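Predicted model follows, preceded by the sequence.
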Amino acid sequence: MVDYGNFITALKATWMRRLIKTDTKWVKLLESILKISISEIWRNGPDYSYLLCKNLENSFWKEVLLSWLEIIEQTPLSKPQIINDNIWHNPKITIDNKSIFIKSYVNKGFIFVSDLLNIDGTFRNFDELKHINPKTNFIEYASLRTAVTTRLHTQDIHLSNLQNTLQYGPICRQESKLHWLQYQILHRIVPTNKYLFNIKKAESAVCTFCKKDEESISHLFYECNIVKELWCDVEEWIFTQFEISITSDIQSVLFGKYKNKESYKFFNLIALIVKQYIFSCKYKSNPTPNFFFDRL
């Protein structure tokens, strides 16, 4: 039986998707009326949105925000996803048991945990951050580092094992559709058939394409035999067009390839585009390489 409470919550939360996928005049008008910046919601953790709710007079948008926050809180991040979490206004990254916000770091582009890490997974040293953000000091730096590393250590995360996830941030933030899909993957809220079936919004959890196995996130974007054929064709196309030999696997497809190589950055961008194409095919037809390459 359908849980109507959860159903209504999910419907309200879908308005957040419309906000991130739309850059039109009505969004600008909404920001003007509500006196908020939509982009700040994605740049900050849940405490920021809760603060917005307290000050919002519009009951509809207050309920939309609260519904979205309820879903986020019920969807815990996996270990690799945590380094893509917000630094600021995040109740799980605290100093003196309070979430933090340091404007000088925000102004210099430090938004996500991964922004504080080097490409090899180590935390940036004080001299490096001081060069980028001259307004910081060692006490502030040490407090921030302790807050972030404590969050990682409580999840038994070893940064050196998470290098693959450090490549996606700058790429997916530049394009709203890619951003939204990668955000859903990182937070495990992609509406796969398995997810929809578990919340009683689909009749079956079986894969849309192969009609055999359960459609999880990993299956949809990589493990499905039909999708794997597409990835093989993409690898061949990359080699033919650019003479770059790259082999995809489940981890690189979902989280990206690590190391500061131009070929890996190129693969990460292509992977985002392919995943967007695969997801769009869920509601149209099976993915085909010729159609994808024509669009590309």
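On my side now, so go ahead.

ranges for the helices of the stretch 151-296 of the chain?
Taking DSSP state H, counting those that start in this stretch as the test, the helices found in the stretch 151-296 of the chain are 168-172, 176-186, 193-198, 217-218, 225-242, 250-255, 262-281, 289-295.

among those, which is nearest residue 17?
Among the helices of the stretch 151-296 of the chain, the nearest to residue 17 by C-beta to C-beta is helix 176-186 (6.6 Å). The way it works is simple: take the backbone N, C-alpha and C, and place the C-beta from them, glycine included.

averaged over its residues, what pLDDT does that closest one have?
For helix 176-186, mean pLDDT is 75.

From the contact counts, what lies against that helix?
Applying 3 or more C-beta pairs under 8 Å, 6 or more residues apart in numbering; DSSP states H and E, one finds that helix 176-186 contacts helix 4-21, helix 168-172, helix 262-281.

weakest of these in terms of mean pLDDT?
The weakest mean pLDDT among these belongs to helix 168-172, with a mean of 47.

What are the buried residues along stretch 225-239?
226, 227, 230, 231, 233, 234, 235, 238 (16 or more other C-beta atoms under 10 Å).

which of those residues lies closest to residue 50?
Proximity of those to residue 50 (C-beta to C-beta) peaks at residue 227, which lies at 38.3 Å.

Would you mind measuring from that closest one to residue 7?
30 Å (C-beta to C-beta, to the nearest Å).

Point out where the protein drops to low pLDDT.
Scanning the chain with the threshold set as pLDDT under 70 gives 1-4, 20-24, 76-81, 119-121, 155-177, 258-263, 289-296.

Domain ranges for it, per the record?
Domain assignment for the chain by automatic domain parsing gives 4-73, 80-161, 167-295.

What is the neighbour count of residue 5?
By the criterion of other C-beta atoms under 10 Å, residue 5 has 8 neighbours.

Oops, could you answer that again for residue 137 instead?
With other C-beta under 10 Å as criterion, residue 137 counts 11.

how far away is it from residue 102?
For residue 137, the distance to residue 102 - C-beta to C-beta - is 11 Å.

and if you look at residue 271?
To residue 102, residue 271 is 33 Å away according to C-beta to C-beta.

between these two, who's got more neighbours?
residue 271 (27 against 19).

which residues touch that one?
Contact analysis of residue 271 by C-beta atoms under 8 Å, 6 or more residues apart in numbering lists 248, 252, 253, 256.

And the residues you listed, which of them are buried?
By neighbour count, with 16+ other C-beta under 10 Å, those hold 248, 252, 253, 256 as buried.

Just the buried positions in stretch 191-208, please.
Neighbour-count burial for stretch 191-208 [16+ other C-beta under 10 Å]: 192, 193, 194, 195, 197, 202, 205, 206, 207, 208.

Format the helices of the stretch 151-296 of the chain as JSON lines; extra columns: distance to residue 26.
Converted to JSON lines, these look like this (distance: least, C-beta to C-beta, whole Å):
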{"stretch": "helix 168-172", "distance to residue 26": "24"}
{"stretch": "helix 176-186", "distance to residue 26": "15"}
{"stretch": "helix 193-198", "distance to residue 26": "28"}
{"stretch": "helix 217-218", "distance to residue 26": "31"}
{"stretch": "helix 225-242", "distance to residue 26": "35"}
{"stretch": "helix 250-255", "distance to residue 26": "33"}
{"stretch": "helix 262-281", "distance to residue 26": "24"}
{"stretch": "helix 289-295", "distance to residue 26": "28"}
